[in-house]
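Q: kindly generate the corresponding structure for this input.
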Amino acid sequence: SLKKDVTRISEVADRFSKIGSKIKLEEIDLVDILKNIKNYFDKRLSKNHKIILNLNKNNTIKLNGDKILLFWAFENIIKNSIDAIERKEGLITINLETTKKNIIIDFIDNGKGISRKEKINIFRAGYSTKPRGWGLGLSLTKRILENIHLGQFYLISSTDKITTFRFKL
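A: Numbers count the residues shown, from 1 in each chain. Next up, the predicted model:
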């Protein structure tokens with residue numbers, strides 16, 4: 001248990017040390033990262049919550065990136081989804097699609113949704129609807145996905161039944 005705690009603290013410190021410093025991008029496998037994030041959460045979620053990963057026949061997608069920061073960004077998105085799910089049966093779907101020009105990852109949840117008022121603030125650092133939230137998750141995620149990995153990260157839609165965020169490279 002102590003060894004796991006030390007490893008986790010080391011990972012968090014490594015993540016924060018990368019923010020604000022020059023990142024060395026290397027060839028990584030995006031499919032592998034998505035499988036790892038699913039496995040990470042599968043071990044931690046209750047039986048009533050499920051993550052579905054749709055790879056759409058993509059066995060591997062190589063790109064230049066930072067594996068630790070991408071994992072962190074995806075982890076933030078999924079944690080927000082989990083927090084938004086108030087139903088007994090929580091479902092988070094990750095859809096990976098490739099086109100001739102782009103790689104598209106949609107993160108879809110059946111949580112409570114994001115109000116119109118909240119939509120304009122969700123990516124602002126320090127903004128949170130959670131009583132104990134710091135408001136860093138989505139702003140860090142946006143910075144990692146857009147500034148470091150040169151993609152686009154945005155909210156596609158949100159209702160009281162389904163919310164979809166998209167990462168497009």
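
Q: packing partners of the strand of greatest length in the chain?
A: Ordering each strand of the chain by length in residues (DSSP state E) puts strand 90-98 first. Judged by 3 or more C-beta pairs under 8 Å, 6 or more residues apart in numbering; DSSP states H and E, the packing partners of strand 90-98 are helix 30-42, strand 49-54, helix 67-84, strand 103-109. Placement of C-beta: from N, CA and C, glycine included.

Q: just want the most central residue of this protein.
A: residue 74 (2.1 Å; C-alpha atoms, centre = their mean).

Q: is it true that it touches residue 36?
A: No - contact between residue 74 and residue 36 fails when scored by C-beta atoms under 8 Å: they sit 9.2 Å apart.

Q: quick check: residue 59 touching residue 31?
A: Yes - the pair formed by residue 59 and residue 31 meets the contact definition of C-beta under 8 Å, at 6.4 Å.

Q: those two: which has the busier surroundings?
A: residue 31 (16 against 8; other C-beta atoms under 10 Å).

Q: for the more buried one, give its distance to residue 67.
A: 12 Å (C-beta to C-beta, to the nearest Å).

Q: spit out the contact partners of the nearest residue to residue 111 once chain neighbours are set aside.
A: Closest residue to residue 111 apart from its sequence neighbours, by C-beta to C-beta, 6 or more residues apart in numbering: residue 84 at 2.8 Å. Contacts for residue 84 (C-beta atoms under 8 Å, 6 or more residues apart in numbering) come out as 109, 111-114, 163.
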